[in-house]
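[1] Could you look at this predicted model? Sequence included:
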Amino acid sequence: MSTLQGQRAWITGAGSGIGAGSARALAEAGAEVILSGRRRDPLEQVADEVRAAGGRATVEPLDTADGDAVADAAGRIGRVDILVASAGLNVPERALGTLSRAGWDKVVDVNLNGVFYPVHAVLPGMRAQGGGSLILISSWAGRYATRLTGAAYNATKRAVLALSESVNEEEGGHGIRSTVIMPGEVATDILKTRPVPPSEEQMARMLQIEDLARTVRFVAETPAHVCLNEILVSPTWNRFYRGFD
C-alpha cells in the first residue's frame, strides 16, 4: 500500500539500526527516502536495498553533530514531509565516576545537538508548506533514567522529550506534529558499547529493528490532524523490570 506516496522522508542515522529499518519501512509505504549518516558505504547499502524493493532512495552523508553541515544538507534536500531523527550513541565509560567531559560532549553532540539541528533545519520549510511530521527517537532512558545507560545518555534522551513537546506547543498551529518514540532494549549494534554487552539469547528477546520500523511507519501514516505525542515501547521480557543479572 502506497500510503505515503508523494511524501519525502529524511532519515538521520540511516546507515544502521532503527534508522535503516525506518528507511526501508517508509519507502515500502511509498515515500521517497533521503538517507543521512556519517559513513557513505552503509547508506549506499540501505539505498540499494530500498531500490531493489522498488522504492526511491538518495544518499546525503553528513555528521548530524555539525550544525552547518546539517543546514547545508537541508538546503540541498529541499522539501521534507517527514523527518526521522534516529542518530544516537553512547560511550562505554558512562557512570559518573568514570564519565569524562569528552565522553559527555560526544553523547550530547550526537544525541541532542544531532536531533535539534535537523529539526531546526526542516521547520522553516514545513511551516511554509503548511505541515510536516517529526519522529524523534529517544529511549526508555528518556522516561526512566537508569544506571545502565548512564548520566549523559539519560540526560540527552530526556531532553529529546522536551524538544518534542516544544515543537508541538509552538508549531502545532502550523500543522507540524512531533512524536517522540522511547524504546526499551532494541537489538542493535549500540548495545555492543555497554560495559557488559548482552548475549545473543538476550538480544533475541529484545525489541527488533523491524518492530521500531513498523512503529515509525505507523506514526508517519497517521492522519495529519492526529499527533501521537509519545510512544513508550518495551520488550515483553523487560529487563528494566526483571533485572540484568
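    Perfect, I can see it now.
[2] middle-most residue in the chain, spatially?
    In the chain, the residue lying closest to the centroid (CA atoms, centre = their mean) is residue 86, at 1.9 Å.
[3] and it, how far is that from residue 212?
    9 Å (CB to CB, to the nearest Å). C-beta: built from backbone N, CA, C; applies to glycine.
[4] Need the overlap of contacts for the two.
    18, 22, 137 (CB atoms under 8 Å, 6 or more residues apart in numbering).
[5] Can you tell me which of the residues you listed lies closest to residue 159?
    residue 137 (13.1 Å; CB to CB).
[6] burial measure for the closest one, as a count.
    Residue 137 has 29 neighbours, counted by other CB atoms under 10 Å.
[7] And it, how far from residue 213?
    As judged by CB to CB, residue 137 and residue 213 stand 11 Å apart.
[8] For residue 204, which non-adjacent residue is closest in space?
    residue 187 (7.3 Å; CB to CB, 6 or more residues apart in numbering).
[9] In contact with the one you found, which residues?
    203-204, 206-209.
[10] give me that answer again for 10 Å
    17, 198, 200, 202-209, 211, 235 (CB atoms under 10 Å, 6 or more residues apart in numbering).
[11] From residue 144, how far off is it?
    Counting by CB to CB, the gap from residue 187 to residue 144 is 20 Å.
[12] now residue 232
    Distance from residue 232 to residue 144, by CB to CB: 9 Å.
[13] Quick check: neighbours shared by these two?
    The contact lists of residue 232 and residue 144 share 182, 184, where a contact means CB under 10 Å, 6+ apart.
[14] returning to what we had before: residues bridging contact with residue 137 and residue 213, i.e. touching both?
    By CB under 10 Å, 6+ apart, the residues touching both residue 137 and residue 213 are 17-19, 22, 84.
[15] helix or strand right after the helix or strand harbouring residue 24?
    Residue 24 belongs to helix 17-28 when elements are defined using DSSP states H and E. Later in the chain than helix 17-28, the nearest helix or strand by DSSP H and E is strand 32-36.
[16] Measure how far that next one is from the centre of its chain, please.
    13 Å (CA atoms, centre = their mean, to the nearest Å).
[17] so where does residue 119 fall, helix or strand?
    Per DSSP H and E: helix 114-129 holds residue 119.
[18] which secondary structure elements does that helix contact?
    strand 8-12, helix 67-77, strand 82-85, strand 132-137, helix 151-171, strand 176-183 (3 or more CB pairs under 10 Å, 6 or more residues apart in numbering; DSSP states H and E).
[19] Parallel or antiparallel, list what pairs with the last one.
    Partner strands and pairing direction for strand 176-183 (DSSP bridges) are strand 132-137 (parallel), strand 230-233 (parallel).
[20] Pipe those into JSON lines and attach distance to residue 57 and mean pLDDT per row.
    Shown next, in JSON lines, are the strands paired with strand 176-183 (distance: least, CB to CB, whole Å; pLDDT from 0 to 100):
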{"stretch": "strand 132-137", "distance to residue 57": "17", "mean pLDDT": "98"}
{"stretch": "strand 230-233", "distance to residue 57": "25", "mean pLDDT": "98"}
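[21] most neighbours per residue, which of those strands?
    Ranked by mean neighbour count, the strands paired with strand 176-183 are led by strand 132-137 with a mean of 26 (mean count of other CB atoms under 10 Å).
[22] Can I get that one in CSV, CA atoms only?
    C-alpha atoms of strand 132-137 as CSV (Å, rounded to 0.1, in the frame of the first residue of the first chain):
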residue,chain,number,x,y,z
GLY,A,132,5.1,18.1,8.5
SER,A,133,5.8,15.2,10.8
LEU,A,134,8.8,14.9,13.1
ILE,A,135,9.6,11.4,14.5
LEU,A,136,12.3,11.7,17.2
ILE,A,137,13.9,8.5,18.5
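[23] okay, the angle between that strand and strand 8-12?
    Strand 132-137 runs at 20 degrees relative to strand 8-12, counting by axes from the mean of the first three to the mean of the last three CA atoms, to 10 degrees.
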